[in-house]
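Novice: Attaching a predicted model along with its sequence, questions to come.
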Amino acid sequence: MNESTIYYTHTDEAPALATASLLPIVQAYASAANVNIETRDISLAARILAVFSDHLTADQRVVDALAQLGDLAKTPEANIIKLPNISASIPQLKAAIAELQALGFAVPDYADEPTNDDEREARKRYDKVKGSAVNPVLREGNSDRRAPLSVKAYARKHPHTNKPFAAGSKTRVATMSKDDFFSNEKSVVFSADDVLDIRHIAEDGSVTDLKKGLKVLAGEIVDATFMNVAALDEFLNETLALAKADDVLYSVHLKATMMKVSDPILFGHVVKAFFANVFAKHGDALAAAGLSANDGLASIMAGLAAVADGDQIAAEFNAALGQGPRLSYTNSDKGITNLHVPSDVIVDASMPALIRNGGKLWGIDGGEDETLAVIPDSSYAGVYQATIEDVIENGPLNPATIGSVPNVGLMAQAAEEYGSHDKTFEIQANGRVDLVNSQGEVLLSHQVAKGDIWRATQTKDVAVRDWVKLAVTRARATGVPAIFWLDATRAHDAELITKVNRYLADHDTNGLTIEIMAPAAATRYSLERIRRGLDTISVTGNVLRDYLTDLFPILEVGTSAKMLSIVPLLNGGGLFETGAGGSAPKHVQQFLEENYLRWDSLGEFFAIAASFEHLAVTTGNAKAKVLADTLDRATGTFLEEDRSPGRKIGTIDNRGSHFYLALYWAQELAGQKDDAEIAAAFTDLAASLVANESKIVEELIAVQGKPVEIGGYYYPNAAKVDAAMRPSATLNQTLAGLGK
């Protein structure tokens, strides 16, 4: 490992395409400061190939780059730039598997219901890949996310539109009031290291070990809770009737990627509730064919060709679409509803979009309409309802005048990874689930029924200590109030509140405003301040970190992709994240059809600058500091000149925006006075880029408007991607001349 190396992740979809264009520029410029930038492939396809290395030929095998980076993240030398990656839902995982198999990789199928040892072993490996598999490995620190000053200034000067809600709007959030994850939660804090077992005891007394050998550390918080699915189904039937009576769109908002075990099951319950008559009549046939409601309507419809009377069943599904409440659509042109794909509607991106759009989503005809937003678990649903109520009462937020809500998020060492990993289970029989310590004592217990979803999670004490420290550090640095979003009536939060109060005493908080509020109250407090142009630091757990770093940025600056996201790692390294990737699939679709990529790499620009700055501090490399400072200034010019990708063919896309960053950065490097050697190295390059600007832009735009083929979606051909993303021979030749 080289302390002058930055590790840049190769991920998926639009971010991966953008990397093929941007990274050669960054590597060329970094070489002037003796900084190496190496890639590590943590894409979904690479993760699949890594866990099935023994199934592949020698020339097909890939290293487990995620494991490598996970080890690196625990060292002081770590300097990792992480782009958005696919958090694979089951349909995405199956699609990636099929693509790899078609390319000649002998990876096994994913079995929904394994029937033999080989299928069970394959399923166990795939469980390490699906959902939010990357973030818990790399996030060996807590999160500091905020809108950079340049982005905030640009948003104020060029404000986007947040639409008002119509008078008497029927849009609102529906959530459960009992028997959900929130109300059933229990929590325990350990006074010493221990090893736990999770057991299911059926009504007949039979015992099943759900999880053995779960190690916990002194001071660690362990939670357990469950979703009562009978109560869930009752709630869903009530909301379906309510949406139909109010004549509003019905839309469910879950997190089937991050909460990869629990939320696809919840999604399946919604699908079965909406199409109750079809499942009552054909449920056994669908199950026998391996068609699961958890995978969504699209997967079922695609598989009906292999089912007896499949055409008739398909017709019944289509008829049911016209009989229930009107569904929201993610793509009305292609007939894709809210219930088609579990990963299409992710709550942290979809709810801010609804609020920004005046409380309206899109129906079957593409028109906008008011919506019943269904968020089954009540833990954080109140945040969105409070925001809706504020906008209805006070009008839409004005990006030209409002303040900001940066976030300090608890996530180190897989803190609060809810519903995602090997401690979440769909209960197979009536009985109870016990959490048992090494002495055989039952610490937590729940009475459960078949089909209930039981989950546990861990939060280590060292992560909480660091989280509190980071919150105080940011409050001191900014002079801005810091609010811990914690609910004393929730079991987990009550334990966190005790720890927060204890660890705040370790810091000098004189002159600082640091308070604890329940999430809905904290939402109202933050919105009241933001309307007065004031900032408020939200200090939250892992899930709210995810939700709020979409909600407020989308309302403030129009997107969450422009956030600066720094993760100071616990052992001194740095992880720099580049923004949200929720729009990535749509961008890829447009790129393949029109050779036009609208992905905005602004988040990458901020992360790269922060990475250079971290490297300068940790290694004493003054040239890296020059790169960081000049890139910051170049990004400011980039924003002022509005060089982000345009909205239509014929304007610059992602590749053109990279050219302009290269131009402005070269000009800043050539003109800076801190390092004469670097200035000399970039003088000719800056002049060449200016002289060839028209020609380069012409070459970049000339390829637009025609389909492009890159050899695959999940595992594209690297040479084809490189050719597609670097179509300007003039730019490529100019960059190649740097330093010669």
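Specialist: Yes, it's here.

Novice: Endpoints of stretch 110-117, how far apart?
Specialist: Taking C-alpha to C-alpha, to the nearest Å as the measure, stretch 110-117 stretches 13 Å from start to finish.

Novice: and if you look at stretch 683-702?
Specialist: Criterion C-alpha to C-alpha; first-to-last residue distance in stretch 683-702 is 28 Å.

Novice: tell me which residues in it are buried?
Specialist: Buried residues in stretch 683-702, defined by neighbour count with 16 or more other C-beta atoms under 10 Å: 684, 685, 686, 688, 689, 692, 696, 697, 699, 700, 701. Glycine gets a C-beta too; all of them are placed from N, C-alpha and C.

Novice: looking just at contacts, which helices and strands does the helix or strand hosting the third one meet?
Specialist: Think residue 686. For residue 686, the enclosing helix or strand under DSSP states H and E is helix 676-691. Secondary-structure packing of helix 676-691 (3 or more C-beta pairs under 8 Å, 6 or more residues apart in numbering; DSSP states H and E): helix 654-671, helix 729-736.

Novice: now the ones you listed in TSV, with mean pLDDT?
Specialist: Shown next, in TSV, are the helices and strands packed on helix 676-691 (pLDDT from 0 to 100):
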stretch	mean pLDDT
helix 654-671	98
helix 729-736	96
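
Novice: Mean neighbour count and distance to residue 131 for those - can I get that in JSON lines?
Specialist: Formatted as JSON lines, the helices and strands packed on helix 676-691 follow (neighbours: other C-beta atoms under 10 Å; distance: least, C-beta to C-beta, whole Å):
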{"stretch": "helix 654-671", "mean neighbour count": "24", "distance to residue 131": "27"}
{"stretch": "helix 729-736", "mean neighbour count": "17", "distance to residue 131": "38"}
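
Novice: picking that back up, export the buried residues of stretch 683-702 to TSV and tack on distance to residue 722 and pLDDT?
Specialist: Formatted as TSV, those follow (distance: C-beta to C-beta, whole Å; pLDDT from 0 to 100):
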residue	distance to residue 722	pLDDT
684	25	95
685	21	96
686	25	97
688	22	96
689	20	97
692	21	97
696	17	98
697	20	97
699	15	98
700	15	97
701	19	97
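
Novice: out of these, who's nearest residue 670?
Specialist: residue 686 (4.3 Å; C-beta to C-beta).

Novice: distance of the closest one from residue 42?
Specialist: The spacing between residue 686 and residue 42, counted by C-beta to C-beta, to the nearest Å, is 34 Å.

Novice: which residues touch the helix or strand following the helix holding residue 686?
Specialist: Next helix or strand after helix 676-691 toward the C-terminus (DSSP H and E): helix 693-702. Applying C-beta atoms under 8 Å, 6 or more residues apart in numbering, the external contacts of helix 693-702 come out as 650-653, 655-656, 659, 663, 689, 727-731, 734.

Novice: Most widely separated two among those residues?
Specialist: Among these, the pair separated by the greatest distance (C-beta to C-beta) is 650 and 734, which sit 23.5 Å apart.

Novice: Apart from its neighbours in sequence, what residue is nearest residue 523?
Specialist: residue 386 (4.1 Å; C-beta to C-beta, 6 or more residues apart in numbering).

Novice: ugh, wrong one, I meant residue 518
Specialist: residue 487 (4.2 Å).

Novice: tell me the strands in the stretch 201-350 of the chain, going along the chain?
Specialist: 207-216, 221-227, 249-252, 329-331, 336-337 (DSSP state E, counting those that start in this stretch).

Novice: Could I get the buried residue list for the longest one?
Specialist: Taking 16+ other C-beta under 10 Å as the basis for neighbour counts, the residues of strand 207-216 that come out buried are 210, 214, 216.

Novice: Any figure for the gap between the first one and residue 118?
Specialist: As defined by C-beta to C-beta, residue 210 lies at a distance of 22 Å from residue 118.

Novice: Ok, the last one next?
Specialist: When distance is defined by C-beta to C-beta, residue 216 is 33 Å away from residue 118.

Novice: before we move on, what about residue 90?
Specialist: In terms of C-beta to C-beta, residue 90 sits 19 Å off from residue 118.

Novice: the more surrounded of these two?
Specialist: residue 90 (22 against 11; other C-beta atoms under 10 Å).

Novice: these two touch, right, that one and residue 130?
Specialist: Yes. Using C-beta atoms under 8 Å, residue 90 makes contact with residue 130 at a distance of 6.8 Å.

Novice: export whichever strand or helix holds residue 373 as CSV, just CAs?
Specialist: Following DSSP H and E, one finds residue 373 within strand 368-374. Extracted C-alpha coordinates of strand 368-374, given in CSV (Å, rounded to 0.1, in the frame of the first residue of the first chain):
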residue,chain,number,x,y,z
GLU,A,368,-49.6,14.6,-12.2
ASP,A,369,-52.0,13.9,-9.3
GLU,A,370,-52.3,14.0,-5.5
THR,A,371,-51.0,10.9,-3.8
LEU,A,372,-51.5,8.7,-0.7
ALA,A,373,-47.8,8.0,0.2
VAL,A,374,-47.8,4.7,2.1
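
Novice: so after it, what's the next helix or strand?
Specialist: Scanning onward from strand 368-374 (DSSP H and E), the first element met is helix 381-394.
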